[in-house]
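[1] Quick check, what structure comes out for this input:
(chains A and B)
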There are 2 protein chains.
Amino acid sequence: MAISLAWGMCFIFGRLANVSFPIVGVIGAGQLARMMVPPAIDLGISLTLFAGSDSESGAQVAPHRVGSLTDFAAVLEWASSCDVVTFEHELIPQELISAIEASGTKVFPSADSFVYSQNKLVMREKMSELGLPNPRWQRYEGGTPELEFPLIAKRVSGGYDGRGVFVIEDLAVLKALHDSIGQTLLLEEKLDFDYEIAVMVARSPHGQAATWSPTLTVQRDGICTQTVTPIPNFSRALAAQTAQIALAIAQGIDLVGVMAVEIFVVGDRLIINELALRPHNSGHWTIEGAVTSQFEQHLRAVLNLPLGSTALVAQYAVMGNVIGIETDKSTDLYRPYLHLMARTPDLKIHQYMKELRPGRKVGHVTLLGSDLLHLRSEVSHAVDYLSGAIDE
Amino acid sequence: MAISLAWGMCFIFGRLANVSFPIVGVIGAGQLARMMVPPAIDLGISLTLFAGSDSESGAQVAPHRVGSLTDFAAVLEWASSCDVVTFEHELIPQELISAIEASGTKVFPSADSFVYSQNKLVMREKMSELGLPNPRWQRYEGGTPELEFPLIAKRVSGGYDGRGVFVIEDLAVLKALHDSIGQTLLLEEKLDFDYEIAVMVARSPHGQAATWSPTLTVQRDGICTQTVTPIPNFSRALAAQTAQIALAIAQGIDLVGVMAVEIFVVGDRLIINELALRPHNSGHWTIEGAVTSQFEQHLRAVLNLPLGSTALVAQYAVMGNVIGIETDKSTDLYRPYLHLMARTPDLKIHQYMKELRPGRKVGHVTLLGSDLLHLRSEVSHAVDYLSGAIDE
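    Have a look, this model is predicted:
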């Protein structure tokens, strides 16, 4: 309570001379909220986070209130101090979003839009309705599926980074999974895709929309390890088609804010994988690699400001995730700066200041340039060195 | 007190998992401290400011303690929580810097270096000693000067943005000024210079040093209104000479941190005007226009980390200062976003969130590109529109 009080005082003092600058409330205080802070500072926009604890990545660097998302009264009281409320993750009760809307505070994305980020079945239905390219899919309540094995089974809601997604080889395993989860599943054909890509799109309340260059998302164990933008050897026709899909979804679901569209590439076919209605790991390259970052653009969109240019500022932008590894050694994320900054003076390092756990994203690095082989190898070296996977 | 306590708690929670990340203390909480916050967030470095009040530009967005620089005990107690202390302005008592050094906390720039930023006479003597190009100058304690009229008289310390600098036409005026100030003056020849430039240089404790491209500083009434980088029609030889001067000063005064060297160009001669041992308005273009900004570089330097690349990321970077004007109208710095962001989608806006007063810098904008005429006219339009000097 001392913390939110102190921050409240900062607000009042800081706004005296600039009375029309808005306050944006962000539900969630992870690294995505943290990365909204720099563009908010630049633009004079006040952020306030609704955090689970003071130690969260975003809460370390921004005004926040600590509370539980099940405490609707606390969230509504906090929201009443904001000009607009948005989110940095999907784990928000639908009823909470509706309650904030009902209280008269603007929420973007709206409850109606946000469901496509939260419920994979509703998302598939909507993509079909919009005539956009789904894999073959079905709702599964038990029994023998129409899709042939092997297939993909997904939790309808709550999964991310490969969690809640299962490759199913036969009926027995499917039934066992269904029994253990005890809920409707989404089944999808198991695609033999060539690679995975993502495209970020932003849209504002009055309908202005913009996409960034599509990006190659290199995956390992269901987690993105590296992105390459623009996608090497990707035809102009496919790039244009990617942008069209993203813009059609943004309009079709009445998006306000930024959204990631994850897509499988199978030959010259594009097939929609997932949606995330928030700033997304596959858009981190935009911080240095585009004129307007996804984080600044998200703030502009939810405030109904004109969107910024999404142009690339270099030939290539390569982003690498720093991911916690299994290790007995104590890992230090600061000490490696001495080596990395000397070796790669143009490397941009982003620390989330989270506790290291195996498989957890704790930071990322970005490198811009024209020599793609060099960029990718420097980025790989940097993330391995930061995470402690290599010692030199 | 509630505020610093709350921030102190944030520190403790945030550092549990990342124990070797340093805390940098900044004396001063204006816009220069504010602009250190985004790179500090990126790198996981904790900042704490020593502020004059909670409402100051930097104090709005960073942990800080409020106090007076004459209260040495308070400053020393605050400094003892920092791994290194630095400054964002020159108005710091020398004795205070020495006292922090004596207490065992590292301070950069050191008291020995910082004097060249604070005392213009000592600076001139040092430049002469280093064999670097001064204007003709002399110490003035009264009587008839050796320099002919008209000449420039300067307060030895305390002036900035043209304050404390006087054009003197005759002996009577000089004597009157000397009587009214009641202190030694620095006299300099009045140069008929072609234009003014500045160059930023960074240097770390172990002697690594780097300069950014020299920049043209367009002045009006002694205040910089616009910078253009690189300087149009500036020869490679002059650019190299500018860098050599900056590097020679950095080494000669044992600089740690970033420094601006302001220079007069007279034909093909370069003559040193002023030094500022801190991030400087003439380096604001580096935030978007260089791989490493002056603010990130300052943090790297005072932490003895390897310096980042200072390469330009575009053909030209034009920066314009938003300066308060005399007006009866109420000026709103947010509402203009609707027009400016729509008109110039690649414009980058920086708000300092300071009270508007005539002649005061309250923000800046930066635009990158290749069409210099377009860049300069868009930047001029943007700053005039933000400050309220024009309505469309």
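[2] where exactly do the strands run in the stretch 251-392 of chain A?
    If DSSP state E, counting those that start in this stretch is used as the criterion, the strands of the stretch 251-392 of chain A fall at A:257-266, A:269-276, A:316-323, A:348-351, A:361-369.
[3] And the fourth one, what does it pack against?
    Yep, that's strand A:348-351 we're talking about. Applying 3 or more CB pairs under 8 Å, 6 or more residues apart in numbering or on different chains; DSSP states H and E, we find strand A:348-351 packed against helix A:286-289, helix A:337-343, strand A:361-369, helix B:37-43. Where you see a C-beta, it was placed from the backbone N, CA and C, and this is true even at glycine.
[4] Kindly reformat the ones you listed as TSV containing mean neighbour count, mean pLDDT and distance to residue A:353.
    As requested, the helices and strands packed on strand A:348-351 are arranged in TSV below (neighbours: other CB atoms under 10 Å in any protein chain shown; pLDDT from 0 to 100; distance: least, CB to CB, whole Å):
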stretch	mean neighbour count	mean pLDDT	distance to residue A:353
helix A:286-289	24	98	16
helix A:337-343	17	97	14
strand A:361-369	23	97	8
helix B:37-43	23	98	9
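[5] Compare these and give me the one nearest residue A:69.
    strand A:361-369 (21.7 Å; CB to CB).
[6] Neighbouring strands - and their directions - for the closest one?
    Its sheet considered, strand A:361-369 pairs with strand A:316-323 (antiparallel), strand A:348-351 (antiparallel) by DSSP bridges.
[7] What's the local residue count around residue A:127?
    Using other CB atoms under 10 Å in any protein chain shown, residue A:127 is surrounded by 23 other residues.
[8] which ones are touching the closest residue to residue A:296 other than its chain neighbours?
    Setting aside the residues directly before and after it, residue A:296 is nearest to residue A:39 in space (CB to CB, 6 or more residues apart in numbering or on different chains), at 3.6 Å. Going by CB atoms under 8 Å, 6 or more residues apart in numbering or on different chains, residue A:39 touches A:45, A:293, A:295, A:296, A:299.
[9] cool, residue A:29 as well?
    A:49, A:50, A:51, A:52, A:56, A:57, A:58, A:59, A:62, A:64, A:88.
[10] check contacts around the second one.
    With contact set as CB under 8 Å, 6+ apart, residue A:50 has these partners: A:25, A:26, A:27, A:28, A:29, A:64, A:65, A:67, A:69, A:75, A:78.
[11] Quick check: beta-bridge partners of it?
    Judged by DSSP bridges, the bridge partners of residue A:50 are residue A:27, residue A:65.
[12] What remains of the contacts of residue A:39 if I keep only buried residues?
    Buried residues within these, counting neighbours by 16 or more other CB atoms under 10 Å in any protein chain shown: A:45, A:293, A:295, A:296, A:299.
[13] farthest-separated two in the residues you listed?
    Maximum pairwise distance in these, criterion CB to CB, is 13.9 Å, between A:45 and A:293.
[14] Next up, the contacts around the residue nearest in space to the middle of chain A.
    Per CA atoms, centre = their mean, the C-alpha nearest to the average position across chain A is that of residue A:280, at 2.1 Å. By CB under 8 Å, 6+ apart, the contact set of residue A:280 is A:198, A:200, A:258, A:259, A:260, A:294.
[15] Residue B:93: which of the helices and strands packed on strand A:348-351 is closest?
    Nearest of the helices and strands packed on strand A:348-351 to residue B:93, taken as CB to CB: helix B:37-43 at 25.4 Å.
[16] do you know how far residue A:373 is from residue A:314?
    Here residue A:373 is placed at a distance of 15 Å from residue A:314 (CB to CB, to the nearest Å).
[17] The two: who's more crowded?
    More crowded of residue A:373 and residue A:314, by other CB under 10 Å: residue A:314, with 20 against 7.
[18] Chain neighbours aside, what residue packs nearest to the more buried one?
    The shortest distance from residue A:314 to any non-neighbouring residue, by CB to CB, 6+ apart, is to residue A:368 (3.7 Å).
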